[in-house]
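J.: Predicted model follows, preceded by the sequence.
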Amino acid sequence: MEKLVTSNLKLGIIAGGQLGKMLIQEASKWDITTYSLDNDEDCPVRGIASHFIRGNHLDFTTVYNFGKLVDILTFEIENINVAALRQLKQEGLKILPDPDILGLVQDKGKQKEFYRKNHIPTAPFKNYNDLTEIKKSIEEGDITFPFVQKLRIGGYDGRGVAVIRNKIELSKLLDGASIIEDLIDINKEIAVIAARNKKGEVACYPVVEMMFDPVANLVDKLICPSTITVEQSEKAIGIAGEIVELLGIEGIIAVEFFIDSKGDVIVNEIAPRPHNSGHHTIESIITSQFEQHLRAILNLPLGSTKMKLPAVMVNILGDEGYEGPVRYEGLTESMRIDGVKIHLYGKKITKPFRKMGHVTVLSSSLECAIKKAEKVKQLIKVKSWEKH
C-alpha cells in the first residue's frame, strides 16, 4: 500500500489483549475496519474492534478462516498457529510481519542460531532436546553452574525460564526442548523498538531502561531516556537496525538487551510486534509504536521517533492475594499528579501480577518523572471485591 485508503481496508489482528486494543485505537483514527480474534469473550479488544471473532489462535482452521475475512493480517502475540499463517500467505494474503519471522521467534533455539550466524552479540548457548540430555550434560561437565535454562517453545513474561546457580537448584529444571545459556552478570536491561516498511525505511526509538519485579519477573517500570552511555546507546540502536534489515521485517520489532558488568551490549531476545517496552511512546514520542506499526505494515512513510519529554512507564499489576472482579484504588489520587497518564486495559478479572494497565509519567526532567512514578506506585492498588 502506497496510499492510505480508508473505510474499505479490513485489518485483522491476532489476538485481543491490551496490545491489540491500543493498536485498534490507532487504526480507528484512520477509519480502518478492524477484525480481532481471541478466545476470551471479555478480552480488552471486545468493545472496540469493528468485528470480534471468538476462537483459538493455536487452531489451524480457526486462524485460517479468520484470515479469509481480512485484507491484511498482523498479530500482537507470538503464540499463533504458524502453519495456518503460511497457508494464507501462500494463497496471497498479506501477513506482516512475515510468518517465517514469527516461526523463527517462536523457537528460542532458532532465534539464538540466527544471532550466532549473523555475529550478533548474545549469551553463549547450547540447544538440548529434553531434560534427560540436559541432566547428562551436567553430569559430564559440559554444563557448568551457574546457567539459565529457557524452553525453546512457549515461554513468555518470565515463564519457561529457570535460573540454576548450583546443584541444590536442579529441582527447578524444566522438561522440554531447551537452550542452556551462560548466566550473564547483568548490570542493566534495556530495549530498542525498531520499525521497517517495504520501501526499506528504518526508524529506531530511543533506548529504554527496564526495571523488573523480582518476584513476578515482569517489567515493573521503564525509563526513557536511559541512563546508559552514549556509546552503549548507539551500539544497541545499531544492532536493532541491523536485525530488522537482516530479517527484512515489515512492521515493528522490540529488541531486548542485557548490559553486562563489563559494559558489553548483548541481545537477549526479540518480539516482532508492539511491546510492553514501548507503551510510553503513546505520550512521550511524536509517533507511538502502535501508529508506527500501522505505518510500517501499510508501507506508509515512517513517523518521527523524537522524544517530546522524558518519561517513566509503570505497569499496573494485580496485587498478591487478590483474584476475582477487579477493584482499583488510588486512580483519582494519581490523576492529581501533573503529567500522569493512566491506561486501564479493560480486564474484568484480576490475578496476582496480571498486567491490568500501565501509567506513563511525563516531566521536564527524568529525575522528576521518577519521583512522581514512585508516588503513583504507592498510590495505585489492584484488588478484588473477593479476597483470596
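T.: It's in.
J.: give the contact list for residue 51.
T.: Residue 51 is in contact with 33, 34, 35, 36, 69, counting by Cβ atoms under 8 Å, 6 or more residues apart in numbering. In short, each C-beta sits where N, CA and C put it, glycine included.
J.: Now those residues in a markdown table, please, with extra columns for pLDDT.
T.: Output for the contacts of residue 51, formatted as a markdown table (pLDDT from 0 to 100):
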| residue | pLDDT |
| --- | --- |
| 33 | 95 |
| 34 | 97 |
| 35 | 98 |
| 36 | 98 |
| 69 | 98 |
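J.: Identify the residues contacting the residue nearest to the spatial centre of the chain.
T.: Centroid check for the chain by Cα atoms, centre = their mean gives residue 275 as the closest residue, at 3.1 Å. Each residue near residue 275 by Cβ under 8 Å, 6+ apart is listed here: 19, 191, 193, 252, 254, 289.
J.: In strands, which of the contacts of residue 51 appear?
T.: Here DSSP state E is the test, and the contacts of residue 51 give 33, 34, 35, 36 as lying in strands.
J.: among these, which ones are buried?
T.: Buried members of the ones in strands among the contacts of residue 51, counted by 16 or more other Cβ atoms under 10 Å: 33, 34, 35, 36.
J.: which residues are contacting the helix or strand where residue 162 lies?
T.: Using DSSP states H and E, residue 162 sits in strand 161-164. Residues from elsewhere that reach strand 161-164, judged by Cβ under 8 Å, 6+ apart: 145-151, 155, 169-170, 172-174, 183, 217.
J.: In those, which has the lowest confidence score?
T.: Across these, the smallest pLDDT goes to residue 217, namely 63.
J.: buried ones in the longest helix seen in the chain?
T.: Looking across the chain with DSSP state H, the single longest helix is helix 230-247. The neighbour-count check on helix 230-247 (16+ other Cβ under 10 Å) flags 232, 233, 235, 236, 237, 239, 240, 241, 242, 243, 244, 247 as buried.
J.: List the buried residues of stretch 26-35.
T.: Neighbour-count burial for stretch 26-35 [16+ other Cβ under 10 Å]: 26, 27, 30, 32, 33, 34, 35.
J.: just stretch 124-142 next, same as before
T.: Those would be 125, 126, 127, 128, 133, 134, 138, for stretch 124-142 by 16+ other Cβ under 10 Å.
J.: Serialize the residues you listed to JSON lines and add fields for distance to residue 206.
T.: JSON lines is the format used below for the buried residues of stretch 124-142 (distance: Cβ to Cβ, whole Å):
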{"residue": "125", "distance to residue 206": "29"}
{"residue": "126", "distance to residue 206": "34"}
{"residue": "127", "distance to residue 206": "34"}
{"residue": "128", "distance to residue 206": "37"}
{"residue": "133", "distance to residue 206": "42"}
{"residue": "134", "distance to residue 206": "39"}
{"residue": "138", "distance to residue 206": "41"}
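J.: ok, so of those residues, who is nearest residue 340?
T.: Residue 340 has its nearest neighbour among these in residue 125, at 41.1 Å by Cβ to Cβ.
J.: who wins for most neighbours among the contacts of strand 161-164?
T.: Neighbour counts for the contacts of strand 161-164 peak at residue 149, which has 22 neighbours (criterion: other Cβ atoms under 10 Å).
J.: contacting residues around that one?
T.: Counted by Cβ under 8 Å, 6+ apart, residue 149 has contacts 134, 161, 162, 163, 164, 173, 174, 178, 179, 180, 181.
J.: out of those residues, which are buried?
T.: By neighbour count, with 16+ other Cβ under 10 Å, the contacts of residue 149 hold 134, 161, 162, 164, 178, 179, 180, 181 as buried.
J.: Just to be sure, the first one is in a helix?
T.: Think residue 134. Yes - under DSSP: H, G, I helix; E, B strand; the rest coil, residue 134 falls within a helix.
J.: residues touching residue 76, list them.
T.: Residues in contact with residue 76, defined by Cβ under 8 Å, 6+ apart, are 13, 14, 15, 17, 19, 20, 23, 273, 274.
J.: Restricted to buried residues, select those residues in ChimeraX.
T.: The buried residues among the contacts of residue 76 can be selected in ChimeraX (16+ other Cβ under 10 Å) with this line:
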select :13,14,15,17,19,20,23,273,274
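J.: and which of the contacts of residue 76 is nearest residue 227?
T.: Nearest to residue 227 among the contacts of residue 76 is residue 274, at 24.5 Å by Cβ to Cβ.
J.: Perfect, I'm done here.
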